[in-house]
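**Student:** coordinates only, no sequence provided:
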């Protein structure tokens, strides 16, 4: 049986349109005091009410009105998002969810128990990889999302509903963090400071670090026992999605993506048995495969946290090597 979530209230061309209201609602209810905070930022900092929403069939790196298809705040204090970017983030969240659950978590549990506790759904793994490849393609070229062959939040079978709905939740939390990051730029006067000439690379890097920290604070202060894990993993996947844009983790204007991921993991006090380490390791593996980085992956580790720590060292070596060549 097929489920179709499209209604007349959904604007847009891509299947992600069915979640646009969910994204806005989560942002407005980020934490119990966020509405009042927003009113204050509108009144005192110049935040414009509402989220601007670009609907176009463009790749993420293609510029419209002087901006790539990634979230941004304009000089007038308006936050904008783009439909293609939202599609990209959902595809990354779904792909990482399936690859972690089916290829990492279930496989690990089978190995530890030395029995077949879980049947591995290889078809879902193949589709997740196909969807991840589609997500990466959206960075440089736009191709319509094939709802008949690829997982998506608009049309899906009841058999796929559990994973689709889990991915929806992770995506909404990922986007909530991203929107809070843009909100923080206004709240912390970064836009105003840029207007006044604080535009050096050091200034912008400082602003981005501050916006990350404030966005994490805003999102994490709204968690409940019920939403804690899915929210943390959603935010982590949102950060992971930034990894696949470039061969290098670091840029001149943003903190290194692996450092941003690590800050989140530290803030939530993840313990050794938490899935955060496995999600991050999965992102490093996908990134390694994407750019043929040839990281040195250990053959044996005690747990995923140990593997995470070793791969962070690999990334650090790469950063140091890049600095030595400059």
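**Tutor:** Structure received. Because the structure is predicted, anything quoted here is derived from the model rather than measured. Residues are numbered from 1 along each chain as shown.
**Student:** for the chain, which segments are assigned as strands?
**Tutor:** Along the chain, the segments classed as strands by DSSP state E run 2-4, 51-54, 72-73, 79-82, 155-157.
**Student:** and the residue nearest to residue 284 when sequence neighbours are not counted, how far is that from residue 89?
**Tutor:** Excluding the flanking residues, the one nearest residue 284 by Cβ to Cβ, 6 or more residues apart in numbering is residue 311, at 4.7 Å. Where you see a C-beta, it was placed from the backbone N, CA and C, and this is true even at glycine. Distance, residue 311 to residue 89, by Cβ to Cβ, to the nearest Å: 23 Å.
**Student:** so between these two, which is more surrounded?
**Tutor:** residue 89 (27 against 24; other Cβ atoms under 10 Å).
**Student:** the more buried one: what's it in contact with?
**Tutor:** By Cβ atoms under 8 Å, 6 or more residues apart in numbering, the contact list for residue 89 reads 171, 174-175, 178, 238, 241.
**Student:** and the biggest helix by length in the chain, what does it pack onto?
**Tutor:** When the chain is parsed with DSSP state H, its longest helix is helix 161-187. If contacts are counted by 3 or more Cβ pairs under 8 Å, 6 or more residues apart in numbering; DSSP states H and E, helix 161-187 sits against helix 20-28, helix 34-45, strand 72-73, strand 79-82, helix 83-98, helix 201-220, helix 228-241.
**Student:** tell me the average confidence for it?
**Tutor:** Confidence for helix 161-187, expressed as mean pLDDT, is 97.
**Student:** how far is it from where the chain is centred?
**Tutor:** Centroid separation between helix 161-187 and its chain, computed with Cα atoms, centre = their mean, to the nearest Å, is 7 Å.
**Student:** got the angle between that helix and helix 228-241?
**Tutor:** Orientation of helix 161-187 against helix 228-241 (axes from the mean of the first three to the mean of the last three Cα atoms, to 10 degrees) gives an angle of 70 degrees.
**Student:** got the buried residues for helix 161-187?
**Tutor:** 163-164, 166-187 (16 or more other Cβ atoms under 10 Å).
**Student:** out of the helices and strands packed on helix 161-187, which comes closest to residue 305?
**Tutor:** Smallest distance to residue 305 across those (Cβ to Cβ): 14.0 Å, for helix 228-241.
**Student:** can you list contacts of that closest one?
**Tutor:** 88-89, 92-93, 96-97, 166, 169-178, 216, 219-220, 222-223, 257, 260-261, 264-265, 268, 270, 275-276, 279-280, 283.
**Student:** next one: stretch 98-118
**Tutor:** For stretch 98-118, the surrounding residues in contact (Cβ under 8 Å, 6+ apart) are 120-122, 124-125, 127-129, 132, 163, 275, 278-279, 281-282, 286, 304.
**Student:** residue 94 and residue 128 touch, don't they?
**Tutor:** Yes. Counting by Cβ atoms under 8 Å, residue 128 is a contact partner of residue 94 at 6.8 Å.
**Student:** who touches both of those two?
**Tutor:** Taking Cβ under 8 Å, 6+ apart as the criterion, residue 94 and residue 128 both touch residue 151.
**Student:** how about low-confidence regions in the chain?
**Tutor:** Along the chain, segments meeting pLDDT under 70 span 322-326.
**Student:** for residue 193, see how far away the residue most central in space within it is.
**Tutor:** Nearest to the geometric centre of the chain sits residue 238, at 1.2 Å (Cα atoms, centre = their mean). The span separating residue 238 from residue 193 equals 25 Å under the rule Cβ to Cβ.
**Student:** if we can go back for a sec, for the residue nearest to residue 284, give me its contacts.
**Tutor:** Applying Cβ under 8 Å, 6+ apart, the residues near residue 311 are 281, 284, 295, 297.
**Student:** re the thing from before, to residue 321, which of the helices and strands packed on helix 161-187 lies closest?
**Tutor:** Comparing the helices and strands packed on helix 161-187 under Cβ to Cβ, the one sitting nearest is helix 201-220, at 20.8 Å.
**Student:** can you list the buried residues in that closest one?
**Tutor:** Quick answer for helix 201-220 (16+ other Cβ under 10 Å): 204-205, 207-208, 210-212, 214-216, 218-220.
**Student:** return the member of those residues nearest to residue 44.
**Tutor:** Top of the list for closeness to residue 44, among the buried residues of helix 201-220 and by Cβ to Cβ, is residue 214 at 15.8 Å.
**Student:** what about residue 198, neighbour count?
**Tutor:** As a burial measure, residue 198 scores 15 neighbours (other Cβ under 10 Å).
**Student:** OK, contacts around the closest residue in space to residue 161 that isn't next to it in sequence?
**Tutor:** Nearest non-adjacent residue to residue 161, counting by Cβ to Cβ, 6+ apart: residue 3, 6.4 Å away. By Cβ under 8 Å, 6+ apart, the contact list for residue 3 reads 155-158, 161.
**Student:** rewinding a little: dump the contacts of residue 89 to TSV, plus distance to residue 199.
**Tutor:** Below are the contacts of residue 89 laid out as TSV (distance: Cβ to Cβ, whole Å):
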residue	distance to residue 199
171	33
174	28
175	27
178	22
238	26
241	26
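**Student:** what's the closest of those to residue 197?
**Tutor:** residue 178 (26.9 Å).
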